[in-house]
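K.L.:
Could you work out the structure for the sequence below:
(chains A and B)
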Amino acid sequence: MATTALPLEKTTHATHEMSFVRKYIFSTDHKIIGIQFLLMSFVFLLFGGLMAMMMRWQLGFPDQPLPAGQLLPETMAPGGFLLPEFYNSLVTMHGTIMVFFAIMPLLVGVFGNFLIPLKIGAPDMAFPRLNMASFWIALTAGILIMAGFFVEGGAAGAGWTSYAPLSASPEWTGVVGGQQLWLVSLAVVGLASILGATNYITTVVNLRAPGMTWFRLPLSIWALFVTAILVLLAIPILSGAAIMLFFDQTIGTHFFDPTDGGQPLMWQHLFWYFGHPEVYILILPAMGFVSDIIANASRKPVFGYHSMVYALISIAFLGWIVWGHHMFMSGMNPTLGMAFMMSTMIIAVPSAIKVFNWMGTMWRGNIMFHVPMLHSVAFVSMFVIGGLSGVFMASPPVDIYFHDTYFIVAHLHYVLFGGSLFAIFGAVTFWYPKMFGKLMNPLLGKIHFWLTFVFYNLTFFPMHNLGVGGHMRRIYDPSQYEFLQPLAPLNTFITVSALLLFAAQIPFAVNFIMSWFNGEEAGENPWNDNGLEWIVPSPAPHGNFAEVPIVYRGPYEFSSPLVEEDFLPQTRKLDSDTEPAAASAAE
Amino acid sequence: MSWILPPSASTFASDIDFLYYVILWITGIAFVIVEVGLVVFIVKYRARPGRKAEYIQGSTKAEVIWTAIPAVTVVVIGLMSGGVWNDVKGRNSVPAGAIPYGVHAQQFEWQISYRGPDGQLGTGDDFTVRNQLHIPVNQPVVMRLTAEDVIHSLFIPAFRVKQDAMPGMTIDVWFEATQVGEFEIACAELCGIGHTTMGATVTVHTADDYQRWLADRVAAADR
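P.N.:
Next up is the predicted model:
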């Protein structure tokens, strides 16, 4: 199909005056909405992190009261000692908050919003009002889920996977309203995701600038586009399952209750049929950002651009047929387990293709180590660990031992923290100038990177060894078991590292806030990049482009022999270039 | 910080452990290749003044190589895993003549039922012991695993045994202990407030000891 750009309110955007409220609060500007998501997600990232710190304290120093734990009410931590029910709430809420209110909005809400129109040459999203609604709905859901801590019985405590029948009845969890708030919140945040995804897909399909063909799209946009399709197809499954479970809890249905004809395994099938695509929703955009950043820093085209796109698409497709690997031990038919094992093994292939292509991009490059690149290299090296550790659990016999142990906790944090969060730090630093017009301080950035990289690994790498020792996840007091007692010093070590990892985020917070006020002026194109967002002023103005940009090439023409400089913007017309058909038709 | 699995004490444990070490070696080698490669590239291709990166778009040959090698490797791991999986958990894997036990999981304990004098499980003369499984050594046994309330997971680390207990289902879990002694049972699935306390013990007896223990219990049950 032809690529077209709508001449959407091109002139009016820049001229009309808006009130503060319309401009910064109930804004329909994709960039403001992106920044709103950014601030919201950072707050939830902080909440999720604090919950992790409390859990780690319990595991590392079970005999000592939590510092400042006396501030918590008696129902959570009498005398500063965590109650097991509060621990279960922390386990549940840490996972849920990080997945749905930190990592997912950071990747999809922030950068989907901020980058898509800018990078494809559109003035805004296809549906700006839906976009605004998406943010406010997501924030409402966030408030609802946090409200769980303030209701009787505490916050949800059945794990972020919320397996029925445990999650279906207060009789089993001891949690009353919290469990229901959890379900309502997920159904509500799902609506925000569906609205967002619809918007992203429509925008990428319809609003690309003239000459921005599919294979000239940056990999970040490919990744966000593929992710939006996953969101649109996966989230409704979760919403449906959440509503069924909510009915089981409230109006006496028995979808998941075996005593009345229900089937607990069905929850797991529904949850993981959503949940495994969700895993890729949480990593594909990160892969896209890192591809952009590594090419920029290496001053080289992305190695194997087409295979990168096909690898993205195959991961997204295979992501739909691997969900059963979460259920090898569930009592699911073991023959079915074999099928899920093979599909899971195969998904390692496109993941490996991506890793080797990132390395290929760096090969014979001229690599600048700006802060976004440090985070991107860390992403690649950590994602490799997370990918390789996945092979252990993909093998069902080995999974017999590792299922529900800390080996999984290590694995998922290598993907979601070592992978996604490092990519997020890199992407925030990379696009901060376009958001705020200022550069983040590189020295503080490097301090933050190195402290995070070191303490991250000291926190999560030893969790593999806990898993090898058989340490179960989600247990409140490992000292109950004799075979876990030799692992106690390792648990303490991990806790100390985790506390330092948490403290290591202070330089980032300081940098983020201070640079907003005092940062160095960025200019249009501080990283000498080729993307469309770098031809507009920083911060990008309302309406983005003064005139519709025309695209002549892909986004990764670094060190091209055609020009003197080592970059060649997508919009720069060389003598050899011809006008794209759509642009000449539009004239 | 050990990568060595704890000592094992069941027949199929060595197959599982072998697979683990195979995967540990393969992933270990892949890990070293990639991480060393990254470090070499970082050092060798770092920016220097007056130098320009080489304008390279990609290489089909390289793509084919690094698609094929991981593909073959994971398929081989898959095939090896499939065999062991079938032996341990396959539909027809429970050895004929395995001694049956009832294991009923509930918040927060394991109710373990033994056959009474009639030699049948599930009859009136069965007796039940809380949190204690007694089995003979070198003899296949099969747990008929059920759950009362929520999902629990029967985890016996030393035997490399794990199986969720699913309300509404009866799942057979077999194993054969190869060593006499006491081993721990844990619950591996979050099952509520007391999850962490849901431990139990397996005592593996010699055949003679086991018969004596059984006779004592049956006598006690009669009284």
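K.L.:
buried set for the helix or strand where B:Ile23 lies?
P.N.:
Using DSSP states H and E, B:Ile23 sits in helix B:13-44. Using 16 or more other C-beta atoms under 10 Å in any protein chain shown as the test for burial, helix B:13-44 gives B:13, B:15-17, B:19-20, B:22-24, B:26-27, B:30-31, B:34, B:37-38, B:41-42. C-beta here means a position set from N, CA and C on the backbone, and glycine is covered the same way.
K.L.:
quick one: the helix or strand that it is followed by near chain A?
P.N.:
Downstream of helix B:13-44, the next assigned helix or strand under DSSP H and E is helix B:60-89. Yes. For helix B:60-89 and chain A, the contact criterion (C-beta under 8 Å from any C-beta of the partner chain) is met by B:62-63, B:66-67, B:70-71, B:74-75, B:77-78, B:80-82, B:84-86, B:88-89.
K.L.:
And the residue of chain B that's closest to chain A?
P.N.:
Closest residue of chain B to chain A, C-beta to the nearest C-beta: B:Gly168 (2.7 Å).
K.L.:
Pull the number of nearby residues for the nearest residue to that residue once chain neighbours are set aside.
P.N.:
Take B:Gly168 and drop its neighbours on the chain: the residue closest to it by C-beta to C-beta, 6 or more residues apart in numbering or on different chains is A:Pro258, 2.7 Å away. Counted by other C-beta atoms under 10 Å in any protein chain shown, the residues lying close to A:Pro258 total 17.
K.L.:
who's in contact with A:Pro258?
P.N.:
A:165, A:264, B:167-169 (C-beta atoms under 8 Å, 6 or more residues apart in numbering or on different chains).
K.L.:
so, if you compare these, which one comes nearest to B:Val150?
P.N.:
Distances from B:Val150 to the contacts of A:Pro258, taken as C-beta to C-beta, are shortest for A:Pro165 (5.2 Å).
K.L.:
ends of stretch B:100-118, how far apart?
P.N.:
13 Å (C-alpha to C-alpha, to the nearest Å).
K.L.:
try stretch A:399-416
P.N.:
From its first residue to its last, stretch A:399-416 covers 20 Å (C-alpha to C-alpha).
K.L.:
Give the full set of residues in contact with the nearest residue to B:Asp15 once chain neighbours are set aside.
P.N.:
Among residues not flanking B:Asp15 along the chain, B:Val84 sits closest, at 4.8 Å (C-beta to C-beta, 6+ apart). Under the criterion of C-beta under 8 Å, 6+ apart, the neighbours of B:Val84 are A:397, B:12, B:15-16, B:19.
K.L.:
As CSV, those with pLDDT and distance to A:Asn465 would be great.
P.N.:
Formatted as CSV, the contacts of B:Val84 follow (pLDDT from 0 to 100; distance: C-beta to C-beta, whole Å):
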residue, pLDDT, distance to A:Asn465
A:Pro397, 97, 20
B:Phe12, 97, 24
B:Asp15, 97, 23
B:Ile16, 97, 18
B:Leu19, 97, 19
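K.L.:
and A:Trp516, that one's in a helix?
P.N.:
Yes. Applying DSSP: H, G, I helix; E, B strand; the rest coil, one finds A:Trp516 inside a helix.
K.L.:
quick one: A:Lys119 from chain B, how far?
P.N.:
For A:Lys119, the distance to chain B equals 20 Å [C-beta to the nearest C-beta, to the nearest Å].
K.L.:
Tell me the helix or strand right after the helix or strand hosting that residue.
P.N.:
In this structure, A:Lys119 sits in helix A:113-120 according to DSSP H and E. Downstream of helix A:113-120, the first helix or strand assigned by DSSP H and E is helix A:128-147.
K.L.:
Show me what that following helix is packed against.
P.N.:
On a contact count with 3 or more C-beta pairs under 8 Å, 6 or more residues apart in numbering or on different chains; DSSP states H and E, helix A:128-147 meets helix A:30-60, helix A:177-206.
K.L.:
and the residue sitting furthest away from the middle of chain B, backbone torsions?
P.N.:
Within chain B, the residue lying farthest from the chain centre (C-alpha atoms, centre = their mean) is B:Gly50, at 57.9 Å. Main-chain dihedrals, B:Gly50, degrees, to the nearest 10: phi 80, psi 0.
K.L.:
Quick one: neighbours of the nearest residue to B:Ala30 once chain neighbours are set aside, just the number.
P.N.:
Using C-beta to C-beta, 6+ apart and skipping the chain neighbours, the partner closest in space to B:Ala30 is A:Leu388 (5.9 Å). A:Leu388 has 23 neighbouring residues, counting by other C-beta under 10 Å.
K.L.:
quick one: contacts for A:Leu388?
P.N.:
With C-beta under 8 Å, 6+ apart as the criterion, the residues that contact A:Leu388 are B:27, B:30-31.
K.L.:
which parts of whichever strand or helix holds A:Tyr273 are buried?
P.N.:
Assigned by DSSP H and E, A:Tyr273 belongs to helix A:264-281. Using 16+ other C-beta under 10 Å as the test for burial, helix A:264-281 gives A:264-265, A:267-281.
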